[in-house]
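> Quick check, what structure comes out for this input:
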Amino acid sequence: MEKYYQCGRYRLPINTPEARPLVMGILNITPDSFSDGGKFYSLEFALSHAEQMIADGVDIIDIGGESSRPGSPALSEEEELDRVMPAIYALRDCGKPISVDTYKPAVMREAIAAGVDLVNDINGFRAPGALEAVRDSDCALCVMHMQGVPQTMQAKPEYDDVIAQISDFLRERVAAMEQVGIARNRISIDPGFGFGKTIAHNVALLQNIGHIQQALDLPLLAGMSRKTMLGDLTGRPIEKRLAGSLAAALVAVAQGAKIIRVHDVAETVDALKIWHAAHTTTGNWSNI
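Numbering: from 1, shown residues only. Next up is the predicted model:
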């Protein structure tokens, strides 16, 4: 694995002794997010939340304009651009890498032109024109596995071997990206917890994401924050899944995950600082 993740204007340390796992903070500018219920739908509240995440130690801010919760309706390009572009323009000089969470090539192109540093695609850059939209930029690219589409993905997900099939999918997508000239130091992978997976599939993933990371030798992003799988395992409603989210994050980083995508930035940053201090041999804990 490369020592640094090329993330637009930033080179993020991901495989050096002093590098703790990175925290990606979720900024949903949607009226129907599964977790925050449109709490940050207005630009004013979204920017205030972003400022709080920066104060809490976030490493990357991930801006999304279309809900990907199970059963959520698709959004037009125009509606998504109307939601995300004002936030991108407002935050692009905030001092932190800015990510756009989209699978639409048109949104990718406009966001890149506006200065985003990372494109986070739940569809694995499979849409016609997606690879071409990102190829000539220096943005980081997160390629995620999803079985089906958000509207139907949880209807009846099935796998013969969930770990092997997700690994194969990610390997194929990475190969397609490299084939068009995208450097490996721009690529990260996401196994897609909750995206076309049952609770058994999600638990198997949580137990084995280290195998996926090692097989592809790329930075792995884990996104389990407040998800249904945690509710299934703990019996807790969304607003009481912080402890479960932190536990899942620590299980993921123990297996080599380099980026943790979360709603609760301050608590996750603190948990990862303690984890990193316990696993570092540098003795330079002041900069963790």
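> List the buried residues of stretch 180-191.
Neighbour counts using 16 or more other Cβ atoms under 10 Å place 182, 185, 186, 187, 188, 189, 190, 191 of stretch 180-191 among the buried residues. Heads up, the C-betas are built off the backbone N, CA and C, glycines and all.
> among the residues you listed, which are in strands?
187, 188, 189, 190 (DSSP state E).
> where does this structure have low pLDDT?
Applying pLDDT under 70 to the chain flags residues 32-41, 70, 151-153, 155, 282-288.
> circling back to that earlier point, now distance to residue 250 too, for the ones in strands among the buried residues of stretch 180-191, in TSV please.
As requested, these are exported to TSV (distance: Cβ to Cβ, whole Å):
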residue	distance to residue 250
187	25
188	19
189	20
190	18
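> Out of those residues, flag the one nearest to residue 83.
Of all those, residue 190 has the smallest distance to residue 83: 21.9 Å, by Cβ to Cβ.
> how many other residues sit next to the nearest residue to that closest one once chain neighbours are set aside?
Ranked by Cβ to Cβ, 6 or more residues apart in numbering and with sequence neighbours excluded, the top spatial neighbour of residue 190 is residue 144, at 3.9 Å. Residue 144 has 26 neighbouring residues, counting by other Cβ atoms under 10 Å.
> Tell me the spacing between residue 144 and residue 269.
23 Å (Cβ to Cβ, to the nearest Å).
> picking up where we left off before, the residue nearest to residue 190 and residue 197 touch, don't they?
No - the criterion here is Cβ atoms under 8 Å, and residue 144 misses it with residue 197 at 12.0 Å.
> circling back: between the ones in strands among the buried residues of stretch 180-191, which is nearest residue 118?
Within these, proximity to residue 118 (Cβ to Cβ) peaks at residue 188, which comes in at 8.5 Å.
> so who does the spatially closest residue to the closest one that is not a sequence neighbour touch?
Distance criterion Cβ to Cβ, 6+ apart; nearest residue to residue 188, sequence neighbours excluded, is residue 219 at 4.2 Å. Going by Cβ atoms under 8 Å, 6 or more residues apart in numbering, residue 219 touches 1, 5, 14, 15, 187, 188, 189, 213, 258, 259.
> go with 10 Å
Residue 219 makes contact with 1-2, 4-5, 12, 14-15, 21-22, 140, 142, 184-185, 187-190, 213, 256-259 under the criterion Cβ atoms under 10 Å, 6 or more residues apart in numbering.
> now swap in residue 1 and tell me
Contacts of residue 1 were listed using Cβ under 10 Å, 6+ apart, and they are 14-15, 184-185, 213-214, 216-220, 256, 258.
> how much space is there between it and residue 26?
25 Å.
> Residue 277 too?
On the measure of Cβ to Cβ, residue 277 and residue 26 end up 25 Å apart.
> the more surrounded of the two?
residue 26 (25 against 12).
> May I see the buried residues of the helix or strand that that one is a member of?
Per DSSP states H and E, residue 26 falls inside strand 22-28. Neighbour-count burial for strand 22-28 flags 22, 23, 24, 25, 26, 27, 28 (criterion: 16+ other Cβ under 10 Å).
> try stretch 191-199
So stretch 191-199, judged by 16+ other Cβ under 10 Å, has buried residues 191, 192, 193, 194, 195, 196, 197, 198.
> Could I have the CA atoms of it written out in CSV?
Output in CSV follows, covering the C-alpha atoms of stretch 191-199 (Å, rounded to 0.1, in the frame of the first residue of the first chain):
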residue,chain,number,x,y,z
PRO,A,191,-17.1,-3.1,0.9
GLY,A,192,-20.5,-1.3,1.2
PHE,A,193,-22.0,-2.3,4.6
GLY,A,194,-25.7,-2.3,4.3
PHE,A,195,-25.9,-1.9,0.6
GLY,A,196,-27.5,-5.1,-0.6
LYS,A,197,-26.5,-7.2,2.4
THR,A,198,-28.4,-9.0,5.1
ILE,A,199,-27.3,-8.9,8.7
